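> what follows is a predicted protein model with its sequence.
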Amino acid sequence: MSIKRFHNSIGNNKIDFDTSVTWGENLVGAYQDLPNLASSRQINYGTVLGVDTYQHVPFIKRIDTDLVITWQEGLQDEDTAGQSIKMKYINSLNVISSKFTIFEALSNSGSTDEIIVVNSEILEYDGAFYYICSVYNTNGIPDPKSWTALGVLASERLTATTNGTPFWVYTADGNAITPQSGFTAYSFNEPLSTNIANEIRSDRYQILTYLDNNVSLFDGELTDSTDVFTEISATKVRNQFIRLSRNFNFASPPQRQYFDFGDGIPIISEIPSSDARSSLITLNNNKVGLCGGTGDPLTERLELFFAFADLNTLNFQQSNIYRVVSGSATGQVFAGAFKNGLWSYPNMIHDIDNKIKIVCSKYKEGIFLFEFNYSDID
């Protein structure tokens, strides 16, 4: 086993948390419905093919009175030239804002290379909030394992409707990237760039974006000789760091969730994974919450489940696994390459009103918010 792209120090964390993983339901089981069905709200949806009909990889964060939702938006196909990062927020009056661009596209359909931005979570540092995205050259290949990682950009959230000029937090060679003709050049912003890079490396983050000066790539990616584990979701419970990752080896479905506990060694669980990123968080009562995709077949991503574990373990009992939303494998509006699956890539928070709030994409062409009262189930 060779560990790559993980911060060396986190394996030394003291373990005072039972990291055994048990799953109390069939792989694509008939999960129980929530006592009160989750409310559903459309945040954004594509309108014109070739303009905005790819929308995917959302993140959600509470910032003061605003519920901030970001996602990556493309013209038609997944992860191709023209992709940018967008944002909307829901204010204290429960009104959804207009759409704002956080990171502009870094290439277009006429570019030699397909330079794309990939959304990541909003990071808090020194009292300020920063939008984060990873930058890749896809090399014209749809398989992420063949992409070239270029760098990480950050942009400060100045107000609810404005953000600062993007700056490089990290690049693979330590130099600011020369843009293609017609696109904006960004620079480093020291010492802030280094400070934010260190924060990404810290126990608080390391979720989708991970940096290490000793390797040429960064993705929070763990690999042995046969499997690639990536699209990390992570949380810290007491002194134990827990990571959940997606397996990119499609040779042996159905897929499972992969856990590791600071040592980088993956443990294969019996928790289903619909070939997509899942969301792992510490709930307000210090239990671990998990949201992922399931359904039969798994690859269609027909359902989202929410589960919470026992207080001091990763035991997800059958009584604590719920279906948040389900659907059929029909209903996609806009064509697009690799726009498979219904509900996918959830990201969630346990909000201050004791509601679980989950954002996910629908057919990779729209962003939706589901929420329900946590008190209904625990």
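Thanks, I have the structure now. Numbers count the residues shown, from 1 in each chain.
> my read is that residue 114 contacts residue 140, right?
Yes. Here residue 114 reaches residue 140: they are 5.9 Å apart, a contact under CB atoms under 8 Å. Bear in mind the C-beta positions are built from the backbone N, C-alpha and C, glycine included.
> more neighbours: which of those two?
residue 114 (21 against 11; other CB atoms under 10 Å).
> got a list of what that one touches?
Each residue near residue 114 by CB atoms under 8 Å, 6 or more residues apart in numbering is listed here: 80, 81, 107, 137, 138, 139, 140.
> 10 Å instead?
79-83, 106-108, 136-141, 147 (CB atoms under 10 Å, 6 or more residues apart in numbering).
> tell me how many other residues surround residue 51.
13.
> OK, contacts around residue 269?
With CB under 10 Å, 6+ apart, residue 269 has these contacts: 20, 21, 22, 23, 244, 256, 257, 258, 259, 314, 316.
> hmm, try it at 6 Å
By CB atoms under 6 Å, 6 or more residues apart in numbering, the contact list for residue 269 reads 21, 256, 257, 259.
> mind giving me CSV with these and columns for neighbour count?
Converted to CSV, the contacts of residue 269 look like this (neighbours: other CB atoms under 10 Å):
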residue, neighbour count
21, 22
256, 20
257, 23
259, 21
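> those residues in helices, which ones?
Using DSSP state H, no member of the contacts of residue 269 falls within helices.
> out of these, which one sits closest to residue 240?
Lowest distance from residue 240 to those (CB to CB) belongs to residue 259, with 11.3 Å.
> mind listing what's buried along stretch 350-370?
350, 355-370 (16 or more other CB atoms under 10 Å).
> the residues you listed in helices, which ones?
Reading helices off the buried residues of stretch 350-370, I find no matches (DSSP H).
> just the helices in the stretch 151-300 of the chain please.
192-201 (DSSP state H, counting those that start in this stretch).
> closest to residue 162 out of the contacts of residue 269?
residue 257 (38.2 Å).
> who's the closest spatial neighbour of that closest one, skipping the chain neighbours?
residue 271 (4.0 Å; CB to CB, 6 or more residues apart in numbering).
> shouldn't that neighbour be in contact with residue 23?
Yes. Shown here, residue 271 and residue 23 form a contact pair, counting by CB atoms under 6 Å, at 4.9 Å.
> neighbour-wise, which of those two wins?
More crowded of residue 271 and residue 23, by other CB under 10 Å: residue 271, with 25 against 21.
> tell me the pLDDT of residue 223.
According to the prediction, residue 223 has pLDDT 58.
> all numbers from here: first residue = 532
Understood, numbering begins at 532; the last thing we discussed is residue 754.
> look up how far residue 786 lies from the closest residue to residue 808 other than its chain neighbours.
Once flanking residues are discounted, residue 808 sits nearest to residue 762: 4.1 Å by CB to CB, 6+ apart. Look at residue 762 and residue 786: by CB to CB, to the nearest Å, they are 12 Å apart.
> dump the contacts of residue 800 into TSV; add pLDDT and distance to residue 562 as well.
Shown next, in TSV, are the contacts of residue 800 (pLDDT from 0 to 100; distance: CB to CB, whole Å):
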residue	pLDDT	distance to residue 562
552	91	18
787	82	17
788	87	15
790	87	20
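> dump those residues into JSON lines; add distance to residue 806 as well.
What follows is the contacts of residue 800, written out as JSON lines (distance: CB to CB, whole Å):
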{"residue": "552", "distance to residue 806": "19"}
{"residue": "787", "distance to residue 806": "11"}
{"residue": "788", "distance to residue 806": "11"}
{"residue": "790", "distance to residue 806": "17"}
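> relative to residue 601, which of those is nearest.
Looking across the contacts of residue 800 and measuring by CB to CB, the closest to residue 601 is residue 788, at 24.1 Å.
> how about the contacts made by the closest one?
Applying CB under 6 Å, 6+ apart to residue 788 gives the contacts 775, 800, 802, 804.
> and what of residue 766?
773, 811, 812, 813.
> once you drop chain neighbours, what's closest to it?
Closest to residue 766 by CB to CB, 6+ apart is residue 813, at 4.7 Å.
> same check, this time on residue 815
The shortest distance from residue 815 to any non-neighbouring residue, by CB to CB, 6+ apart, is to residue 881 (4.9 Å).
> wait, the one you found touches residue 811, no?
No. Taking contacts as CB under 6 Å, residue 881 lies outside contact range of residue 811: 12.0 Å.
> show me whatever sits in contact with both of those two.
Common neighbours of residue 881 and residue 811 (CB under 6 Å, 6+ apart) do not exist.
> quick check: the gap between residue 568 and residue 876.
Distance from residue 568 to residue 876, by CB to CB: 21 Å.
> pick out whichever of the two has more residues nearby.
residue 876 (25 against 12).
> so who does that one touch?
588, 807, 808, 891, 892.
> okay, those residues in a markdown table with pLDDT and distance to residue 547 next?
Shown next, in a markdown table, are these (pLDDT from 0 to 100; distance: CB to CB, whole Å):
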| residue | pLDDT | distance to residue 547 |
| --- | --- | --- |
| 588 | 95 | 33 |
| 807 | 85 | 31 |
| 808 | 88 | 28 |
| 891 | 97 | 33 |
| 892 | 97 | 36 |
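> pick the one among those residues closest to residue 697.
Once CB to CB is applied, the member of those that ends up nearest residue 697 is residue 588, at 17.8 Å.
> leaving out the residues flanking it, which one is nearest to residue 603?
Using CB to CB, 6+ apart, the closest residue to residue 603 is residue 650 (4.3 Å).
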